[in-house]
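Participant: Would you be able to build a 3D model of this:
(chains A and B)
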Amino acid sequence: MQLHDLWFAVIAVLWTGYFFLEGFDFGVGVLTRLLARDRGERRVLINTIGPVWDGNEVWLISAAGATFAAFPDWYATLFSGFYLPLLVILVCLIVRGVAFEYRAKRSGTQWQDRWEWALFVTSLLPAFLWGLAFGNLVRGVPIDADKNFTGDLADLLGPYALLGGLVTLTLFTFHGAVFTALKTTGDIRPRARRLATMAGPVCAVLTAAFLAWTQLNSGGSVSFVASAAAVGALLAAVVANAAGREGWAFGLSGVTVVAMTAALFIALFPDVMPSSLDPRWSLTAENAASSPYTLKIMTWCAALATPVVMLYQGWTYWVFRKRIGTRHIAGNH
Amino acid sequence: MAALAPETLARWQFGVTTVYHFLFVPLTISLSVFVAGLETAWVRTGSEKYLRAAKFWGKLFLINIAMGVVTGILQEFQFGMNWSDYSRFVGDVFGAPLAFEALVAFFFESTFIGLWIFGWDKLPKGIHAGCMWMVALGSVLSAYFILAANSWMQHPVGYRMNPENGRAELTDFVRVLTQNTALAQFGHTLVAAFLTGGAFMVGIAAYHLMRGRHVPVMRSSLRLGLVVMVVAGVLTAVTGDRLGKIMYDQQPMKMAAAEALWETQGPAPFSLFAYGDVDEGHNDVAIEIPGLLSFLAHDNFSEEVPGINDTDAALREKYGDKLGIDDFRPNIPLAYWSFRWMIGFGMSSFALGAAGLYLTRRRLWLSPRLRTADDKVPRLALTRDRELGTALTRWYWRLALLTMLFPLIANSWGWIFTETGRQPWVVYGVLPTAAGVSPTVSQGEVITSMSVFIALYALLAVIEIKLLAKYVKAGPPELTEADLNPPTRIGGHDAEDPDRPMAFSY
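Facilitator: Model (predicted):
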């Protein structure tokens, strides 16, 4: 295996980790309007992800940083090409981070209400836009011989990419709902389960359609297996959730996110950004990569750092493993 | 419109967002260490004032780090968005420290901050304090990797040009991380961060002490802040001198511009005030200290220092035809004044710290209002006049509030000087700034993003300042039973009382 292929896999793993982790915290953000009935319940939802959302987001920072270092051309073309969607995502991530930290810093209802709305919108939009971006990434966009994106915003709003956006939005919401059912106690828990039961089938239909479409465009046998696993795990998650097996349901919705992201990256490989103008102009893991020396250094860093990161992030989840409910929220929060 | 060319806009956007981001970074670094230190002092001594201080400064720290973190995300993304050709050209070298920052430092910081915020009733107090030390370590490491990346742009080392794909490729990563520019920049920035945090702490402590409130907590904070200001102030000057000498060696044009030194001279004078004609290349008014610049650049009073005109001619000779650039001078008035504002505000902060330390010696830190007996009035070496002593301390408290801003201003001008003084290069001697901009991003797109970020940042600044003011005024929190009896095992008290409210610092 060549180093640039390994790094393609590492980037895929970082995105997968990002979607698995921030996927449920985006979902919980969306649920603050779909599920929570009052401020106390919204506080419970926020506290289920409070200790971990920041660490989850660093998976994105790492994915972007690693792409910059390992595939400079991919990073350059992607970030300058998807300028406006990324701008919206960035604004959302900025406002969202502040919303978490500032919501309870004042006790006024209006103040908290505004931050709660901000949290909802800034969870919903990126959940949709990441799917849109990945749809475009896999399907291909106009890239010229100089590796530059030559399209405009309209090129990014095709039906396949829009479907991709709906898939991530519904999948993350479902993922967030089963996470909420797993992490809460009291009244909110059965309602989260019911919401997951309703959202699951819708999400399954969309995901199946999107992955089938992907399969027709650029799929192979391996991506087919991953796609089938994604849809199968999602259906199993719906069943487990309905049966009240919350741990299983969350694990399986996680498998769905992982398998779906894997299917997309497998369908993409060996390209990293196919050109819709001419296949010769596509960016590939080989022609977009850094030098072998840089990749070697990065490999050492990732090999040493990633297990440690997973260890202490895992420890965080363990420290905050207890379920929480409205009775654990003191007044004014 | 040349003034609104995508390059100009992208530079403005980078400048505005970087200076804004860097208002929060130094405070994050130093306050995390202060909070960790104060919480550790509580763990070690059991004295409640330290816990109250840790909670008080911790709250301000959280308000501040939130902004630092979210504005940092944009920094990483805008290389690709606005500077895609730069990213292609340097990603092989420059991307690695950025990726290291995320993997090694930023994961650390963000994971342990979550543990600290929500861990008050889940972690034993020693481990809880340890989480803040981890946050501090993460933020220092993060600064180091970013500064190593920036230093490579100031002084590219450990790379070679690949003629096949026309980009810079890494050959020696250790060299990139350990070159003298990186170490000097890191040292200077780190101690300046502590000067910033010290002044922040002193200003807020003075605000309360002036009113005679929260005296035990604020007295400790004030003394801590003052000592840090003085030590960090001295170190900032020492590291700044070191960095300046390196810059004379590596970027003579930047330093000549900082002194408005047009002609090569030896001995070279240090400029106190200059006003001149940039196009003609000379000063009309110049107030100078003979020989001092030679000393600052080379440690002796006579050695020659290269001037702007000769350096420009040499650079034109070397690169002019190849790159099609006919002017290698940065914005000289900007370089000259930003350098002076940086040093001026930095030195003033140090001076005020030293004055404060003198005025508050022998516990004479109290507000005049709190004093009853005459012998509590400061006896100053410079005057035996007790009225004057009282007035001086009173004015010092007011000045201390203003001084909170000084290091922030110095930091900002420092970055403006470092980055604009390097122009027209984005990577010094290797890649001109104009060649780094995204070729396919339209003027409209950059204008859109710039307007969005300026509006958003302005709004967030208002919110942030209001919140800070609110929590500063509120003062240190009263401690509850739960605060004083943290759990003794990981996982918390839930086993004893499943309905116990969560304790967290949001």
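Participant: lowest-pLDDT helix or strand in chain A?
Facilitator: strand A:283-284 (a mean of 88; mean pLDDT, DSSP states H and E).
Participant: Give the burial count for the nearest residue to B:Y86 once chain neighbours are set aside, as a bare number.
Facilitator: The shortest distance from B:Y86 to any non-neighbouring residue, by CB to CB, 6 or more residues apart in numbering or on different chains, is to B:G436 (3.1 Å). Yep, even glycine has a C-beta here, placed from its N, CA and C like the rest. For B:G436, the number of neighbouring residues by other CB atoms under 10 Å in any protein chain shown comes to 23.
Participant: Look up how far chain A lies from B:G436.
Facilitator: Distance from B:G436 to chain A, counting by CB to the nearest CB, to the nearest Å: 10 Å.
Participant: do B:A206 as well
Facilitator: In terms of CB to the nearest CB, B:A206 sits 24 Å off from chain A.
Participant: that older thread, read off the pLDDT value for the residue nearest to B:Y86.
Facilitator: Per-residue confidence at B:G436 stands at 92 (pLDDT).
Participant: what do you get for A:L90?
Facilitator: pLDDT, read off for A:L90, is 95.
Participant: Look at it and give its secondary structure.
Facilitator: helix (DSSP: H, G, I helix; E, B strand; the rest coil).
Participant: in a strand, that's where B:E280 is, yeah?
Facilitator: No. Remark: B:E280 does not belong to a strand; assigned using three-state DSSP, it is coil.
Participant: Which residue ranges of the chain form strands?
Facilitator: In the absence of a named chain, this looks at chain A. A:271-273, A:283-284 (DSSP state E).
Participant: should've been chain B
Facilitator: So, for chain B - with DSSP E - the strands run B:159-162, B:167-170, B:270-277, B:282-289, B:425-427, B:431-432.
Participant: Make CSV from those strands and add mean pLDDT, distance to A:C203 and mean neighbour count to it.
Facilitator: Listed next are those as CSV, based on pLDDT from 0 to 100; distance: least, CB to CB, whole Å; neighbours: other CB atoms under 10 Å in any protein chain shown:
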stretch, mean pLDDT, distance to A:C203, mean neighbour count
strand B:159-162, 92, 46, 15
strand B:167-170, 92, 43, 22
strand B:270-277, 87, 68, 15
strand B:282-289, 86, 70, 14
strand B:425-427, 94, 45, 24
strand B:431-432, 92, 47, 19
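Participant: Most tightly packed of the strands of chain A?
Facilitator: Ranked by mean neighbour count under mean count of other CB atoms under 10 Å in any protein chain shown, the strands of chain A are led by strand A:271-273, which reaches a mean of 24.
Participant: strands paired with that strand, and their directions?
Facilitator: Sheet pairing of strand A:271-273 (DSSP bridges) gives strand A:283-284 (antiparallel).
Participant: Go ahead and name everything in contact with the partner strand.
Facilitator: A:F71, A:D73, A:W74, A:T77, A:I143, A:K147, A:P270, A:D271, A:V272, A:M273, A:P274, A:S275 (CB atoms under 8 Å, 6 or more residues apart in numbering or on different chains).
Participant: Buried members of those into ChimeraX, please.
Facilitator: Buried residues within the contacts of strand A:283-284, by 16 or more other CB atoms under 10 Å in any protein chain shown, are selected in ChimeraX with:
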select /A:71,73,74,77,143,147,271,272,273,274,275
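Participant: Out of the contacts of strand A:283-284, flag the one nearest to chain B.
Facilitator: Distance to chain B across the contacts of strand A:283-284 (CB to the nearest CB) is lowest for A:D73, with 5.6 Å.
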